[in-house]
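> My questions are about this predicted structure, shown below with the sequence.
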Amino acid sequence: MVDPEHEIVQEWIEHIPEPDRLFMRVHVKSLTERQLHPGIFRERQGAMSVDWERYSSAEDTRGRALSPDENGVIALVTGDVRRIEGLSVEHEPLRSNRAHSGIHGLTLPGSLPAEESKTKRRALLLGLVDGWQIDPFEAA
Amino acid sequence: MAPTAQFEIPDTEFPEWPAHSEGFLNLADDEPGCTENPSGELEDLIAKRLPYWDAQTKLTGNLWGALVNRRQSDISSVIRAARALVDLGENWDGEGGRGYSLETWKRVKKFLVSHASVARSPLPVPAINPADQGSFDVFWRLSDRQLLVNFPEDEFAPITYYGQNQQGDNTISGRITAGKKRLDLVAWLTQNTK
């Protein structure tokens, strides 16, 4: 049975404007050389989980990790993500987190077969990241 | 001060690179090239991950050989460091993150070793990173281009790559057959665009 706190609240769903930022956590153990890389982009349960800045700060996003001290936070601009072929951004608010949103389509086939498309999209997503919102190696 | 190799590579780990650091050590001891480089030009060039075409025009003779040896040494250390990813185990991030297998790491190592030893085209030093579903990424992020190669955990799943230059008008993508050398990728990484 699904925890009601983790069910999408239909009446809260909104359209996320193109200029708005999406915050995403990155675990320090995935940063082998302390550098951001395409491997940070990964789906869980069919989407990459992000938080819409309208309802969340970067600090909030970090605080929702099981181990906040082991996570940093990056930001992606919604419109930039949507301009990558095959990717969509949807607001999927949860009772426990109204900011919760999903980036969908990472593993779908596009102009290339699915596996190549995924590798391409991950490379392009990295190009959208403008450094850390919260640097896990500096954050207290 | 003469440069020294920082890593000893046992033959059992990198048999494809016969005594690859030996030339570098001999060069330091015997050849005037390095001693005539007191300004650390070679170190500077290596630190900047100088593209092949620049290095070949600026370095001659044994300095060029030293660059090749150093690149191989740096790549071997990157491969060795990536071995630690295998030890992460399952749920390494506390959120269900999948672990990384020794077999996948070995396939990454085999690919890099075979391509780094290609004559006269020293491979730039990549990063080896953990990606999703137990896969490894090999990622070259150079000053004017990048290339991403993904090695899935399933040895029968395709190894895929995507590369593009800084302007995004020169791209490559496709699949790599395991065990096959892809000199075209090395050429793409090291091509002269100036």
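The structure has been received and is ready for your questions.
> distance between the host helix or strand of A:Ile103 and the chain's centre?
Take DSSP states H and E as the rule and A:Ile103 turns out to sit in strand A:100-104. Distance of strand A:100-104 from its chain centroid, counting by Cα atoms, centre = their mean, to the nearest Å, is 7 Å.
> So which residues on chain A come close to chain B?
Proximity of chain A to chain B is confined to A:27, A:29-30, A:32-33, A:35, A:37-39, A:41-44, A:65-67, A:70, A:112, A:115-116, A:118-120, A:122-123 under the rule Cβ under 8 Å from any Cβ of the partner chain. All C-beta spots, glycine's among them, are computed from the backbone N, C-alpha and C.
> list the helices and strands the strand holding A:Ile103 packs on?
strand A:48-52, strand A:88-91 (3 or more Cβ pairs under 8 Å, 6 or more residues apart in numbering or on different chains; DSSP states H and E).
> winner for burial among those?
strand A:48-52 (a mean of 24; mean count of other Cβ atoms under 10 Å in any protein chain shown).
> need the next SSE after that strand, C-terminal direction.
Next element after strand A:48-52 (DSSP H and E): helix A:58-63.
> Report how many residues lie close to residue 80.
You didn't say which chain, so I picked chain A. 19 (other Cβ atoms under 10 Å in any protein chain shown).
> Chain B is the one I meant
15.
> check contacts around A:Glu115.
B:150, B:152, B:157-158, B:160, B:175 (Cβ atoms under 8 Å, 6 or more residues apart in numbering or on different chains).
> In the chain, which helix is the longest?
Just so you know, I chose chain A. Counting residues, the longest helix found in chain A (DSSP state H) is helix A:114-126.
> Switch to chain B, please.
helix B:61-82.
> quick one: low-confidence parts of chain A?
A:1-2, A:139-140 (pLDDT under 70).
> how about the helices in chain B?
B:22-30, B:32-35, B:41-47, B:52-58, B:61-82, B:102-116, B:183-190.
> So which bits of the fifth one are buried?
Residues of helix B:61-82 classed as buried under the neighbour-count rule (16 or more other Cβ atoms under 10 Å in any protein chain shown) are B:62-76, B:78-79, B:82.
> Run the chain-centre distance for stretch A:17-33.
That offset, for stretch A:17-33, works out to 6 Å (Cα atoms, centre = their mean).
> Start and end of that stretch, how far apart?
34 Å (Cα to Cα, to the nearest Å).
> Among the contacts of A:Glu115, which ones are in strands?
Under the assignment DSSP state E, the contacts of A:Glu115 contribute B:150, B:160, B:175 to strands.
> now the first one, which residues is it bridged with?
Taking DSSP bridges as the rule, B:Asn150 bridges to B:Asp137, B:Thr160.
> any idea of the angle the longest helix of chain B forms with helix B:102-116?
Counting by axes from the mean of the first three to the mean of the last three Cα atoms, to 10 degrees, helix B:61-82 lies at 170 degrees to helix B:102-116.
> Is there contact, residue-wise, from helix B:61-82 to chain A?
Yes - using Cβ under 8 Å from any Cβ, helix B:61-82 reaches chain A at B:81-82.
> And the average pLDDT for that helix is what?
Mean pLDDT, helix B:61-82: 83.
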